[in-house]
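Trainee: Need the 3D shape of this:
(2 chains)
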Amino acid sequence: MFDNLKILWHQGKQFIPDVTKANVPGIFRGRPIISEAKIDEFLLADLCPTNAISTGPVSIDLGKCTFCGECAIQFPGKITFTKEYKISSNDRSLLIVREGDIKTIELNPELIRSEIYRLFGRSLKLRQVSAGGDNSCEWELNATNNVQFDISRFGIDFVASPRHADGIVITGPITSNMADALERCYLAVPDPKIIILAGTDAISGGIFADSPALNREFLSNHTIDLYVPGNPVHPLTFINGVLDLLKKR
Amino acid sequence: MLIKTINVVNNQTINLSDIPVHGYEVFEELNLDLISGKPFRHCVSYFGYPSDEKIKLICCIADDEMHQILVSSSLVDKGAVLNSFTARNPNFEKFEREIQENFGIGYTDHPWLKPLRYAFNRTDKNKKIENYPFYGVESEELHEVGVGPIHAGIIEPGHFRFICNGEQIMHLEIQLGYQHRGIEPLFLQKQKLLERTTLAENIAGDTVVGHTTAFVNLWENLCCYTPDDSLHFSRILALELERIAIHTGDLAAVCADIGYQLGNSVFGRLRTPIVNFFQEWGGNRLGKGLIRAGKINFPFTDELAVRLIEILNAYEPDFFEMTHKLFNLPSALSRMEKTGVVSYEEVLEIGTVGMAARMSGLNRDIRLSHPHNLYNSLNHQPVIKRHGDVYSRVQIRREEIRQSISYIRGLLQRIPEFHPLENFMELPQKGKFIISLVEGWRGEICHCAITDTDGNLILYKIKDPSHHNWMALAQAVRNNDISDFPICNKSFNLSYCGHDL
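Mentor: Numbering: from 1, shown residues only, chains lettered A, B, ... in the order given. I've put the predicted structure just below:
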């Protein structure tokens, strides 16, 4: 027993006290800032592997961005990535960062259904479905549950059965081979329910967007309640996005 | 004398026309002969591609003693019906199923000729993933258990079909393909280097460094570019860090599956400082954006070295305190010892690689047998266990973490000076074939590429170690209780997307 206590003692305090204000270490690439500097916009847009950059004026779509940072390396005066990890939104158009934008990405309160706070505000059970996900977003969603990020302290849990869930979290670009299983899983979740897309691959298809092996019909048939950008999503991005969706307005 | 194979070393570019072309019977005898009764040789890749209205088959056999890869080829007609290699050596089982699925080539005596992954470009579109032909047994005593494609945890999809006698598993069939994103054709379709590098990073998100290193090593050699030591250094440093991070996470998952909460929490939290170091170095917790052909956007600095030593110094005592406890806990040992055993004879017959070979005494490690980057200078000795059970696979992880930490400490003694590099603009050589092998944390990763006479890619072939190892999992669970399946599965931790591509 004493060696167990010793192990516990050696871990120290691991949990992040305030997940809304925590500072991420190193050079995390979060919300970008685009300056008004004049550069060759064609070269900049051509650089992006997923066509996330539009020109005239320059904007970056975080739903397509893989956060590789190449644009900021090649055009440091034009694009810088901040460490701000609160980049989720429920409005697809709010994921587009334009020249001169410096404000935090937020949710559009008008699109949030009124029952979400009432029903899920203190307890949300999620069923995760990987549909062509490369196992990086899956790793990070698992990490939201570890002793550091500890998402379950907010009453948010990942459950084994869709029957026990209030919504689904989709990772991956949705392959044709998974399309049917995804639809059936969604149908098995009792109403009312929410859908969260986690990661660039899920939101836009990412680098796979034009692959003939995908079938993304599911997304046009159902309402998406939250988009969580990232490649993979950072646990703090996910936790903050979900907390924002659930909060009392 | 007739030249039978062309022998290349890892990452060597050769003329496509220099690969000997044999009639199919000669090709078959040759490759089966090469590996028959020789554990130091195995098939690292065997694939087909369309060539002049026919299908060209290329077989690559790695020889671990000569440190060479023996390459040969054969031209067969579309829709040909051939003798299978698999009937005489099961190593080729999945390779031939893939050739059958993609090119409609028939095999007269393949014992298990089922669809492999239901690729979007398969020849027979009438075959649907929901109609997979499972093996069945008619019996009143036996029952079937189907699991998936969606599993209970946050993991990738795949279907497991068990045939059980009470609680005991008689047979497991693993059906994959749900993760198929058509990644190989995308390598040809997307022309820009950054697009292709991004694809390589997304082959398997838990092996970002492994797959991307295989791609950049291949691409640089194909373009006659010689990387300096600082690039090699950052690649093997990142590979060893990835090994530590994922092995630690796997130990957490094994603890969860035996219901050992303390181990699950401690190993789970110990992974964080390692992946966070990836973020301090390159801005991404899984190393995306770090490995690039011909350059590195985030050169390794002395300050990062100081930081990494700090992190490892804090990691080591806590990690080994926890493994010591785990390995002395009778209730944990009773779940791991003699559970999910695969014998030496079986792994040899299946042709496993990486940890799934070394767990049963089969010495397969690319770092030793076909060293890439700076592995030659490390004098690597693979960690080998004998019993092939869950405990062996868990012990390998602990020992490899110990080894990786010592390699990293050694590497940090002599950080190569970084010279700013020009952007890499070379074009691929024309009419070439190249094979690139990397020892990822799971085992051997193999990428092959072929260019046409204009220097365009006409083939990009990816093989994740899971390709070989899934069959070992199916074998491991036989005669075990079905309740031990999760721990067996976690102790292998194979990739679904790496297999499905």
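Trainee: Show the residue spans covered by the strands in chain A.
Mentor: A:32-34, A:53-54, A:59-61, A:79-81, A:96-98, A:124-130, A:156-158, A:167-171, A:194-198, A:226-228 (DSSP state E).
Trainee: does the last one come close to chain B?
Mentor: Yep, that's strand A:226-228 we're talking about. No: counting by Cβ under 8 Å from any Cβ of the partner chain, chain B has no neighbours in strand A:226-228; the shortest distance is 14.1 Å. For glycine as for every other residue, the C-beta is placed from the backbone atoms N, C-alpha and C.
Trainee: And the third one, by the same measure?
Mentor: No: under the criterion of Cβ under 8 Å from any Cβ, chain B is not reached by strand A:59-61; the shortest gap measures 15.3 Å.
Trainee: And that strand, what's buried?
Mentor: A:59-61 (16 or more other Cβ atoms under 10 Å in any protein chain shown).
Trainee: If it's not too much trouble, I'd like those residues exported to JSON lines so that pLDDT sit alongside each entry.
Mentor: Listed next are the buried residues of strand A:59-61 as JSON lines, based on pLDDT from 0 to 100:
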{"residue": "A:59", "pLDDT": "94"}
{"residue": "A:60", "pLDDT": "94"}
{"residue": "A:61", "pLDDT": "95"}
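Trainee: what number of residues lie near residue B:168?
Mentor: By other Cβ atoms under 10 Å in any protein chain shown, 14 other residues sit near residue B:168.
Trainee: quick revisit: quick one, which of the strands of chain A is nearest to residue B:382?
Mentor: Among those, strand A:124-130 comes nearest to residue B:382, with 31.9 Å by Cβ to Cβ.
Trainee: helices or strands next to the closest one in the packing?
Mentor: Applying 3 or more Cβ pairs under 8 Å, 6 or more residues apart in numbering or on different chains; DSSP states H and E, we find strand A:124-130 packed against helix A:136-143, strand A:156-158, strand A:167-171, helix A:176-188.
Trainee: Partner strands of it, with direction?
Mentor: Take DSSP bridges as the rule and strand A:124-130 pairs in its sheet with strand A:156-158 (parallel), strand A:167-171 (parallel).
Trainee: what's the burial count for the closest residue to residue A:52 other than its chain neighbours?
Mentor: Spatial nearest neighbour of residue A:52, excluding adjacent residues (Cβ to Cβ, 6 or more residues apart in numbering or on different chains): residue A:64 at 3.7 Å. By other Cβ under 10 Å, the residues close to residue A:64 number 23.
Trainee: residue contacts, residue A:64?
Mentor: Counting by Cβ atoms under 8 Å, 6 or more residues apart in numbering or on different chains, residue A:64 touches A:50-52, A:200, A:203-204, A:206, A:209.
Trainee: confidence score at the residue in chain A that chain B sits nearest to?
Mentor: Residue of chain A nearest chain B, by Cβ to the nearest Cβ: residue A:136 (2.7 Å). For residue A:136, the pLDDT comes out at 93.
Trainee: Near it, how many residues? Count them for me, please.
Mentor: 28.
Trainee: what about it, distance to residue B:287?
Mentor: Distance, residue A:136 to residue B:287, using Cβ to Cβ, to the nearest Å: 10 Å.
Trainee: Residue A:198 now?
Mentor: The spacing between residue A:198 and residue B:287, counted by Cβ to Cβ, is 19 Å.
Trainee: And those two? Which one has more around it.
Mentor: Higher neighbour count among residue A:198 and residue B:287: residue A:198, with 30 against 27, using other Cβ under 10 Å.
Trainee: Run through the bridge partners of the more buried one.
Mentor: Residues in a beta bridge with residue A:198, per DSSP bridges, are residue A:228.
Trainee: which residues does it contact?
Mentor: Counting by Cβ under 8 Å, 6+ apart, residue A:198 touches A:137, A:141, A:169-171, A:228, A:230, A:233, A:238.
Trainee: Tell me the residues on the stretch 251-400 of chain B that lie near chain A, please.
Mentor: Proximity of the stretch 251-400 of chain B to chain A, by Cβ under 8 Å from any Cβ, involves residues B:262, B:265-266, B:268-269, B:271-272, B:276-277, B:279-286, B:288-289, B:297-298, B:317-318, B:321-322, B:325.
Trainee: Just these: which are in helices?
Mentor: Here DSSP state H is the test, and these give B:262, B:265-266, B:268-269, B:271-272, B:276-277, B:279-282, B:317-318, B:321-322, B:325 as lying in helices.
Trainee: Report the angle between whichever strand or helix holds residue B:244 and helix A:136-143.
Mentor: Using DSSP states H and E, residue B:244 sits in helix B:229-257. Direction vectors for helix B:229-257 and helix A:136-143, defined by axes from the mean of the first three to the mean of the last three Cα atoms, to 10 degrees, enclose an angle of 50 degrees.
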